[in-house]
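[1] have a look at this prediction, sequence included:
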Amino acid sequence: MGNYEELGSGNPMNEDDGVKFGLQLGEGTSKSSADVDLNLSLGGEPSSSSAVHLLERGGLDRDSHSKRPKVQESMPLSLTEEEYERMHDSLGHYGCSVSDDDGSPFSSYGLRMEEDENAYPEMDDQEVRMDLTDDLLHMVFSFLDHINLCRAAKVCRQWRIASAHEDFWRSLNFENRNISLQQFEDMCHRYPNATQANINGSPAIHTLAMQAISSLRNLEFLTLGKGQLGETFFQTLTDCTMLRSLIVTDAILGNGIQEIPIYHDSLRHIQIVKCRVVRISVRCPQLQTLSLKRSSMAHAVLNCPLLRDLDIASCHKLLDAAIRSAVTSCPLLESLDMSNCSCVSDETLREISLSCGNLHILNASYCPNVSLESVRLTMLTVLKLHSCEGITSASMAAISHSYMLEVLELDNCSLLTSVFLDLPRLQNIRLVHCRKFVDLSLRSAVLSSIKVSNCPSLQRINIVSNSLQKLVLQKQESLTSLELQCQGLQEVDLTDCESLTNSICEVFSDGSGCPMLKSLILDNCESLTGVEFSSNSLTSLSLAGCRAITSIELTCPYLEQVSLDGCDHLERAIFSPVGLRSLNLGICPKLNALKIEAPSMVLLELKGCGVISEAFINCPLLTSLDASFCSQLKDDCLSATTALCPLIESLILMSCPSVGSDGLLSLRRLPNLTSLDLSYTFLTNLQPVFDSCSQLKVLKLQACKYLTDSSLEPLYKERALPTLRELDLSYGSLCQASIEELLVCCTHLTHVSLNGCVNMHDLNWSFGADRVHLSSIVSEQPQRLLQNLNCVGCPNIKKVLIPSVARFSNLSSLNISLSANLKEVDVACFNLCFLNLSNCSSLEILKLNCPRLTSLFLQSCNISEEAVESAISECNMLETLDVRFCQKIIPTSMGRLRTACLSLKRIFS
């Protein structure tokens, strides 16, 4: 409940003395509560001898291995219902209820006192043996708060005695509790050695405070408030000789007319916050900290020769002369907070500077009359001047004499136009929302933090510091000049500094004042047109949103990350050399010249650089190159790239119509090439690919309209590309016969895509009389490795027949969705797991012999319920069936489908 310091001993304990605590547990604002009535033995001496005496009277045996005896007493763990009701109803003459006004989970904290020797009746028929010594129990209980101590007291006599130990009740906390004087008096009588008391928010705080002073002679910390305190309370404070701290919050002091005296020889901390009082006089020779914050006194007299910390913030009625008199009477003052004291003048500050030679911390924020004219505060280390209308550029002359200054805050100084400071110990400066601020010049070897924000007129910054590591100057729209001599600077953020020009590059290049710079952010600096950096330290550069940049040249051998998102007007880019491992140029439709020398680069994306015609790429470790939509990329450029980047494994040339046979022949320099994308090109001959890419595993030829049937003959007649696993011929013009021969002969293919092939009429591997030549081929070849076959959107497919003799035993996924003319599907594949026939609106016949099928999609198919029921009856592992928008299948038929296939778990209908 509160911190307590040195522990003391109490008065001898009488076993028959008892206290019953009634604790009502509330649920927020709910009226339901659970009453816990506890009978605690209080007011006893916690020494070993008295404890042993009490325990022996209860019939305890001693344990030779511990300091305190073990409990071997016939003691009930809980009371019977009749005994509990008797205890609950017997309140005695101390009966009371303590309620909590704040609606906390513990809605009441009641104390009920009664002298009742029979509160715990003996029950010899029950025996409780607990192997907890008193020392161990004392240690465990030291971790409990008062609420849980009261709960523990109901367990047994030993716990009742242990929980009442005065060590646990050094702090009496009744904050916001509706405690009566009689209850508080009883608590003070039973725990006279308490050192802390908190009655803030309790009723009649004056009476309770007087009781605390008269009863608790060892009281050191007293907290009270939310009520009225009479003058007699402050007059009797001297009787509480041990008092060290007094906190009064939101209270009325006196009758509002007379002066309130606080005279005490031992007080070290006084806090009078948000109190209503006319005049206050404090005479405490040992006082070190005094706070009168937000109080309404008009005059304060201080006689505190040792005072170190004074807080009179927001004392609006305190006049300038009163502040001057009070502060100058404290010669050892080190910290002064007079913020929001609108009457403070420069004359008062001059007097303070003469009288308080040790003043280190001054907060004069929101003091409109302060300008620091002729004020010399040489020992200041912290100065806060927020929203001081009198602070101007002339005030910097006074601040410059504070050679010990470490922290300076000048937020919202609306008339401040410039700051020129040379302070050897300045570490932290803030300039936020200074509307007229134009020029900043700082020189400090230890300057480590600068906060400059929302200064729309700021144009020039000059900083000299050896300790500054991070500089953030975001949204300085007028900033045009930046000069830095910061040997330790590592991070700079100049986001949205729209007026910065190309000269900023010189500030951060080698030979400038930032030799350790690692990260530079210039996002949305829209005045930058040409960026040129040469730095041996830079590792990260961001130019996102710099739409006016047309040229970029980086000579940064350790550069690891660069962002060019939104630089869509870039025409020329040179990265030579850089330490990049990957580079994505985004969409740069005007980029026509590119040079990259990156010894560590492994990934390069040029997609969207539509007019690039000159490209020098020297990346010996490059493994992936994406040149999609580079419409001007020619064979000579591709040939030069393959010569300098021999480790390329993945090459994407989609929509590169200028690449021809000569460029494809250069692919022989790429022995590790495994993936090649030539989609949307004008190729007519793939022989260079077959000759050069012997290790190719993935070949994509989507929408290659000029490829003829003979273009792919080497694949299925000459067994070209023996390692090929994935082939994409979507939206091509191959005929039905070529497709069939390809699927039959290329047994090594695992993934084939024939989406949108208009020349495909059927997938028929039934091998009838008219297909003898295919049947002979199939009988001579081993099992096919085909696992995934996609024929999405083939409008002319009418029939799919895949019998078991076709040897597609590895086929696991078949997608024929969006084939509007498909009428019949007859599939017998042992390992088929996924079949998608969605949007095949003409489907009528469905026959499945797929024992491992788990997912079947028939969305928007015009198939009958009987056909579906017959098809799924042979699929013993089917779990998911999608028949949404199937007009011939009604929701009430779902039961029949589940009966036909007992393994179904999900039906979408």
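    Perfect, thanks for sending it.
[2] low-confidence ranges, this protein, go.
    Scanning the chain for pLDDT under 70 picks out 1-131, 256, 767-782.
[3] ok, Met516 - how many residues close by?
    Applying other C-beta atoms under 10 Å, we find 11 residues neighbouring Met516. Any C-beta I mention is one placed from the backbone N, CA and C, and that applies to glycine too.
[4] Ser465 contacts Cys486, correct?
    Yes: with contact taken as C-beta atoms under 8 Å, Ser465 and Cys486 are classed as touching, separated by 5.1 Å.
[5] intersection of neighbour lists for these two?
    Shared between the contact lists of Ser465 and Cys486 (criterion: C-beta atoms under 8 Å, 6 or more residues apart in numbering) there are no residues.
[6] now the strands for the stretch 401-550 of the chain?
    In order along the chain, the stretch 401-550 of the chain carries the following strands (DSSP state E, counting those that start in this stretch): 407-409, 418-422, 428-432, 439-443, 449-453, 460-465, 470-472, 481-486, 491-493, 519-521, 530-534, 540-542.
[7] partner strands of the third one and their direction?
    This means strand 428-432. Strand 428-432 has the following sheet partners, assigned by DSSP bridges: strand 407-409 (parallel), strand 449-453 (parallel).
[8] now do the fourth one
    Within its sheet, strand 439-443 is paired with strand 418-422 (parallel), strand 460-465 (parallel), according to DSSP bridges.
[9] got those strands as CSV, with mean neighbour count and distance to Ile272 columns?
    What follows is the strands paired with strand 439-443, written out as CSV (neighbours: other C-beta atoms under 10 Å; distance: least, C-beta to C-beta, whole Å):
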stretch, mean neighbour count, distance to Ile272
strand 418-422, 16, 37
strand 460-465, 19, 42
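[10] want to throw these into JSON lines with distance to Asn831?
    What follows is the strands paired with strand 439-443, written out as JSON lines (distance: least, C-beta to C-beta, whole Å):
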{"stretch": "strand 418-422", "distance to Asn831": "77"}
{"stretch": "strand 460-465", "distance to Asn831": "70"}
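[11] so which of these is nearest Asp826?
    Comparison of the strands paired with strand 439-443 against Asp826 by C-beta to C-beta identifies strand 460-465 as nearest, at 78.3 Å.
[12] what are the contacting residues of the closest one?
    In contact with strand 460-465 (C-beta under 8 Å, 6+ apart) are residues 438-448, 450, 452, 471, 473, 479-486, 488-489.
[13] kindly calculate the angle that it makes with strand 481-486.
    Counting by axes from the mean of the first three to the mean of the last three C-alpha atoms, to 10 degrees, strand 460-465 lies at 0 degrees to strand 481-486.
[14] output strand 460-465 as PDB, nothing but the C-alphas.
    The C-alpha trace of strand 460-465 is given here as PDB (Å, rounded to 0.1, in the frame of the first residue of the first chain):
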ATOM      1  CA  ARG A 460      19.800  28.700 -43.400                       C
ATOM      2  CA  ILE A 461      21.300  26.300 -40.900                       C
ATOM      3  CA  ASN A 462      25.000  26.100 -39.900                       C
ATOM      4  CA  ILE A 463      26.000  23.500 -37.300                       C
ATOM      5  CA  VAL A 464      29.400  22.600 -35.900                       C
ATOM      6  CA  SER A 465      29.500  19.700 -33.500                       C
END
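[15] make 33 the starting number, not 1.
    Noted, 33 is the first residue going forward, which turns the last one into strand 492-497.
[16] can you get me a residue count around Thr264?
    The tally of other residues near Thr264 (other C-beta under 10 Å) stands at 12.
[17] swap in Leu275?
    Burial of Leu275 is recorded as 23 neighbouring residues (other C-beta under 10 Å).
[18] neighbours of Val691, how many?
    Val691 is flanked by 22 other residues according to other C-beta under 10 Å.
[19] and the nearest residue to it once chain neighbours are set aside, what does it touch?
    Using C-beta to C-beta, 6 or more residues apart in numbering and skipping the chain neighbours, the partner closest in space to Val691 is Leu685 (5.5 Å). The contact partners of Leu685, taken as C-beta under 8 Å, 6+ apart, are Ala659, Ser660, Leu665, Leu670, Val691, Leu708, Asp709, Leu710, Thr713.
[20] narrow the residues you listed to those in helices?
    Secondary structure assignment (DSSP state H) places Leu670 from the contacts of Leu685 within helices.
[21] what subset of the contacts of Leu685 is buried?
    Buried residues within the contacts of Leu685, counting neighbours by 16 or more other C-beta atoms under 10 Å: Ala659, Ser660, Leu665, Leu670, Val691, Leu708, Asp709, Leu710, Thr713.
[22] quick check, the last one in contact with Ser687.
    In other words, Thr713. Yes: proximity of Thr713 to Ser687 meets the contact threshold set by C-beta under 8 Å, at 7.2 Å.
[23] tell me the secondary structure at Asn372.
    The assignment at Asn372 comes out as coil when based on DSSP: H, G, I helix; E, B strand; the rest coil.
[24] could you do Met633 as well?
    Looking at Met633 with three-state DSSP, the answer is coil.
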